[in-house]
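S.K.: sharing a sequence plus its predicted fold:
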Amino acid sequence: MTDSAELLILRHAQAGHTFDGDDAARTLTEHGAAQAREVGRALAASGFHADHILCSDAMRTRQTAVWVCHELGEDASTPYLDSRLYLADPSTMLSVINETPETVRTLLVVAHMPGVQELCMRLASVDSAEQPVLQMAGSFPTAGLARFAVGGPWAQLDGRDARLTEFWS
């Protein structure tokens, strides 16, 4: 794998609350749908092309991925739903990412807090951009997006080995 591989980790957009206790069924609010479209527009404007998208199977992450993909248009692949990403801890999320085929040059992962923030802090190498690391460490709001440059194989990604280049919120 060359230095040109990218990993983007996205926290789902703002979701509403359920009264029946079914957390996985929570849906995006109107504001959340707008947040997800904004992320998609920003990615499209940056020239992002999603080779592969991994997404938690919760409704709010699926809806986030749909809106992002809608804005990316033909530059989006079909999201792969993985139940292991639902409320996953950083180690579980990383093991799912490690399974990514080496032919994938750009990977987008859509998942949940606190796992997304903890995983991003774990991955950020010492040569990461300082301001995005500080911003991400302080707050990882809904629709927050961390963008990493990855220089090794997906299967070997473990910790402190991806360079954080941007954090959007």
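M.R.: Sure thing, it's come through.

S.K.: starting at the chain centroid, how far to the lengthiest helix in the chain?
M.R.: Longest helix of the chain, by residue count under DSSP state H: helix 30-45. Here the centre of helix 30-45 is set off from its chain's centre by 13 Å, with CA atoms, centre = their mean, to the nearest Å.

S.K.: how about the helices in the chain?
M.R.: Under DSSP H, the chain gives helices at 30-45, 59-72, 90-98, 115-123, 130-138.

S.K.: measure how the longest helix of the chain sits relative to helix 59-72, angle-wise.
M.R.: With axes from the mean of the first three to the mean of the last three CA atoms, to 10 degrees defining the directions, helix 30-45 sits at 40 degrees from helix 59-72.

S.K.: what residues does helix 30-45 touch?
M.R.: Contacting residues not belonging to helix 30-45 are listed as 8, 10, 12-16, 28, 50, 60, 63-73, 75, 142-143, 145, 168 [CB atoms under 8 Å, 6 or more residues apart in numbering]. Quick note: C-beta positions are derived from backbone N, CA and C, even for glycine.

S.K.: among those, which ones are buried?
M.R.: By neighbour count, with 16 or more other CB atoms under 10 Å, those hold 8, 10, 12-15, 28, 50, 60, 63-69, 71-72, 75, 142-143, 145, 168 as buried.

S.K.: pLDDT weak spots in this structure?
M.R.: Scanning the chain with the threshold set as pLDDT under 70 gives 1-3.
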